[in-house]
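# sequence plus predicted model, see below.
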Amino acid sequence: MDDHLKLKAGFLLFPGLTQLDFAGPYEVLARLPELKIYTIAEEAGPVVSEFGLAIIAEHDFSSTPQLDIVCVPGGPGTLDAAARPKIIAFLQAQAPGAQWVTSVCTGSLLLGAAGLLKGYRATTHWLSLDLLPLVGAIPVAERVVKDRNRITGGGITAGIDFALTLAAELIGQRRAEAIELMMEYNPAPPFGCGHPSLADPALVQEVRNERQALQQQRREFLALRSWK
């Protein structure tokens, strides 16, 4: 298929993103020949993710065409990204013309900071679910939430679920099922504690304590803005 006939799917990259928030959905969507995928950042070039892995942004905002699919990953860098006017302006400019506006993990907070989740049901990483109302979203504790043309995924690994859900919308369930099979996406976690509803409460509290400072920064930042 000629590139000009393909749907344009763009991943917004920013310093401190969680690389699996990007790589999981990319792995799914890159298998769709109907899509041309754009990696985008405020400035083209390497973008250093949360644990140091650099991802190449091939486009800056000025060289990015109108996208059909906007996807925003999350990560510790979400807060800094939300404070950058050019990033917010890019999302606000792209969203009206996009068929799908999407996120993974705390990327939903960045969508919300751009005013793109007001009145929408949405999800995010379990640690940040209670922050969604600060950006006018309706929190839903599910792996993937679809509300009109917004699709949001939960924390990190839920990005694969999100992308398969989006793929089914784009190319039909049967072909999305084939991608799931080809990827051998058949999770069998060794400890079975990947969600607070399954984990030992003491372990949940340990994780909450480790991220308490970051979560408080996010809460204070979002509460001071009028995005609701």
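That came in fine, so what should we check first? Since this is a predicted model, take the numbers as computed values, not measurements.
# residues in contact with the closest residue to Leu20 other than its chain neighbours?
Once flanking residues are discounted, Leu20 sits nearest to Ile156: 5.2 Å by CB to CB, 6 or more residues apart in numbering. In short, each C-beta sits where N, CA and C put it, glycine included. For Ile156, the contacting residues are Thr18, Leu20, Asp21, Gly24, Val104, Cys105, His125, by CB atoms under 8 Å, 6 or more residues apart in numbering.
# tell me how far Ile156 lies from Leu127.
Separation of Ile156 from Leu127 (CB to CB, to the nearest Å): 11 Å.
# cool, and Ile88?
Look at Ile88 and Leu127: by CB to CB, they are 23 Å apart.
# highest neighbour count among the contacts of Ile156?
When neighbours are taken as other CB atoms under 10 Å, the top entry among the contacts of Ile156 is Val104 (36 neighbours).
# next, count neighbours for Ala9.
Neighbours around Ala9, by other CB under 10 Å: 27.
# buried residues in the helix or strand containing it, which are they?
Per DSSP states H and E, Ala9 falls inside strand 7-12. For strand 7-12, the neighbour count (16 or more other CB atoms under 10 Å) marks Leu7, Lys8, Ala9, Gly10, Phe11, Leu12 as buried.
# buried residues of the one helix or strand in the chain whose mean pLDDT sits lowest, list them for me.
When each helix and strand of the chain is scored by mean pLDDT, DSSP states H and E, helix 212-224 comes last, with a mean of 94. Using 16+ other CB under 10 Å as the test for burial, helix 212-224 gives Gln215, Arg218, Phe221, Leu222.
# skipping adjacent residues, who's closest to the third one in space?
For Phe221, ignoring the flanking residues on the chain, the nearest one in space by CB to CB, 6+ apart is Leu79 at 5.7 Å.
# hang on, isn't Ala30 packed against Thr39?
No - when contacts are counted by CB atoms under 8 Å, Ala30 is not listed as touching Thr39 (11.0 Å).
# these two: which is more packed in?
Of the pair Ala30 and Thr39, Thr39 is the one with more neighbours under other CB under 10 Å, namely 18 against 13.
# so how far is the least confident helix or strand of the chain off the chain centroid?
Relative to the centre of its chain, helix 212-224 is centred 19 Å away, using CA atoms, centre = their mean, to the nearest Å.
# again with stretch 78-85
Centroid separation for stretch 78-85 versus its chain: 14 Å, with CA atoms, centre = their mean.
# contacts for it, please.
For stretch 78-85, contacts defined as CB under 8 Å, 6+ apart pick out 14-17, 42, 87-88, 106-107, 109-110, 113, 214, 217-218, 221-222.
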